[in-house]
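# Pasting the sequence and the predicted model now:
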Amino acid sequence: MPGPGPHMIYALGSGHGLMHVSDGMFGPHHCLTYAINAFFGPDIGSFSEWLTSIMGSGRILGSSVEQWIHDPFYYALILGFPLSLLYSWVSRFLLHKGVLDSFSGVPLTKRQCFLLIFAGSLSHFFLDHLFEENGHSSMYTWILSTGWWKTRAPINPDAVIVIGLLCASLIGGFIYIYRVKPLKSVRRQYHKSLRLSLAVAIAYCLWCASQIYLVRPRRPAVGEEADLGVLVFLGIFFFFPHWLCILSMNPREIVDSKEQLPL
């Protein structure tokens with residue numbers, strides 16, 4: 001499975017991108033908390049086992065914790081609240097001591113820390129599910145199982161029509177939402193576009209699931225493609241954690257107020 005390097009670089013790279021586009025609302029404290037939990041978080045059991053490998057009891061303790069903590073959701077549910085208290089205190093300490101800038105002048109709240117802990121856990125498993133167990137992890141196996149690998153997939157006219165309509169609706173709706181008009185609210189357009197993408201994604205998944213799990217005999221939902229597994233995986237382990245990072249951002253008013261302070 002991926003080691004500390006890929007986990008940290010992936011999370012820090014994503015964090016740098018959010019810092020760049022958010023214009024200070026996602027700061028270094030956000031980025032560091034997210035990156036630490038993307039690497040060290042769910043691996044805290046195995047990491048403790050490695051550190052205490054010279055002690056028999058330490059190895060047993062690490063193994064017992066690992067089975068509960070090394071999970072994208074259990075990690076946040078079990079350790080999310082106590083760790084959010086710790087990271088919030090560390091953020092306040094680093095800021096007051098002048099060790100790490102926050103761009104906004106305020107430390108992370110417990111809510112922001114919890115969101116970043118959860119996001120880090122999910123991002124950790126974005127890499128683990130793809131690159132562990134010699135490509136035979138349960139998640140990766142399920143993703144591939146939603147494709148059609150028996151023979152050459154037959155072309156079903158209804159599948160062509162449904163998928164064509166969904167994709168056309170997504171593209172056409174996107175163009176309609178962002179069409180040129182004299183008075184427009186960018187924020188409102190963004191929310192409309194997001195709801196459109198989410199609705200199409202849900203309809204797409206429902207169609208694929210119906211062809212795989214409801215129709216007998218099973219039919220290829222979209223040719224040979226494993227679209228259901230790919231969409232579910234990306235939704236949970238890629239888009240959702242980045243959305244949590246966005247929710248953890250500081251309000252624009254806080255960042256602007258810091259910039260207006262006299263030097």
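Perfect, I can see it now.
# CA only for contacts and neighbour counts going forward, please
OK.
# who touches stretch 153-169?
For stretch 153-169, contacts defined as C-alpha atoms under 8 Å, 6 or more residues apart in numbering pick out 200, 203-204, 220-224.
# Now rank those by neighbours and give me the top one.
Greatest neighbour count in the contacts of stretch 153-169, by other C-alpha atoms under 10 Å, goes to Ala221: 29 neighbours.
# Identify, from the contacts of stretch 153-169, the entry nearest to Arg92.
Arg92 has its nearest neighbour among the contacts of stretch 153-169 in Val200, at 41.9 Å by C-alpha to C-alpha.
# which stretches of the protein have low pLDDT?
Where the chain drops to pLDDT under 70, the residues are 1, 45-66, 183, 255-263.
# My understanding was that Gly223 contacts Trp148; is that so?
Yes. Counting by C-alpha atoms under 8 Å, Gly223 does reach Trp148; the two are 7.0 Å apart.
# quick revisit: may I see the contacts of stretch 153-169 organised as TSV, with distance to Leu144 and secondary structure added?
Listed next are the contacts of stretch 153-169 as TSV, based on distance: C-alpha to C-alpha, whole Å; DSSP: H, G, I helix; E, B strand; the rest coil:
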residue	distance to Leu144	secondary structure
Val200	22	helix
Ala203	20	helix
Tyr204	17	helix
Pro220	13	coil
Ala221	13	coil
Val222	13	coil
Gly223	13	coil
Glu224	10	coil
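# Can I get those residues in JSON lines including distance to Ser104?
Supplementary listing: the contacts of stretch 153-169 in JSON lines, determined by distance: C-alpha to C-alpha, whole Å:
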{"residue": "Val200", "distance to Ser104": "37"}
{"residue": "Ala203", "distance to Ser104": "40"}
{"residue": "Tyr204", "distance to Ser104": "40"}
{"residue": "Pro220", "distance to Ser104": "51"}
{"residue": "Ala221", "distance to Ser104": "48"}
{"residue": "Val222", "distance to Ser104": "47"}
{"residue": "Gly223", "distance to Ser104": "50"}
{"residue": "Glu224", "distance to Ser104": "49"}
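# Between those residues, which sits nearest Phe239?
Nearest to Phe239 among those: Val200, at 15.0 Å, using C-alpha to C-alpha.
# Check the contact between the closest one and Leu170; I expect there is one.
Yes. Under the criterion of C-alpha under 8 Å, Val200 makes contact with Leu170 at 6.7 Å.
# for the stretch 51-200 of the chain, what spans make up the helices?
Taking DSSP state H, counting those that start in this stretch, the helices of the stretch 51-200 of the chain run over residues 56-69, 74-96, 110-131, 138-145, 157-177, 186-209.
# Ser248: which of those is closest?
Across the helices of the stretch 51-200 of the chain, closest to Ser248 is helix 110-131 (C-alpha to C-alpha), at 4.7 Å.
# can you pull the buried residues of the closest one?
Of all the residues in helix 110-131, those buried under the rule 16 or more other C-alpha atoms under 10 Å are 110-130.
# With stretch 92-110 instead?
So for stretch 92-110, counting by 16+ other C-alpha under 10 Å, buried means 92, 95, 100-104, 106-110.
# Strands - which of those residues land there?
With strands defined by DSSP state E, no entry of the buried residues of stretch 92-110 lies inside them.
# And those residues, which is closest to Pro4?
Distances from Pro4 to these, taken by C-alpha to C-alpha, are shortest for Leu100, at 22.1 Å.
# can you tell me how far the closest one sits from Met25?
Separation of Leu100 from Met25 (C-alpha to C-alpha, to the nearest Å) stands at 15 Å.
# Pro251: which of the contacts of stretch 153-169 is nearest?
Nearest to Pro251 among those: Val200, at 29.7 Å, using C-alpha to C-alpha.
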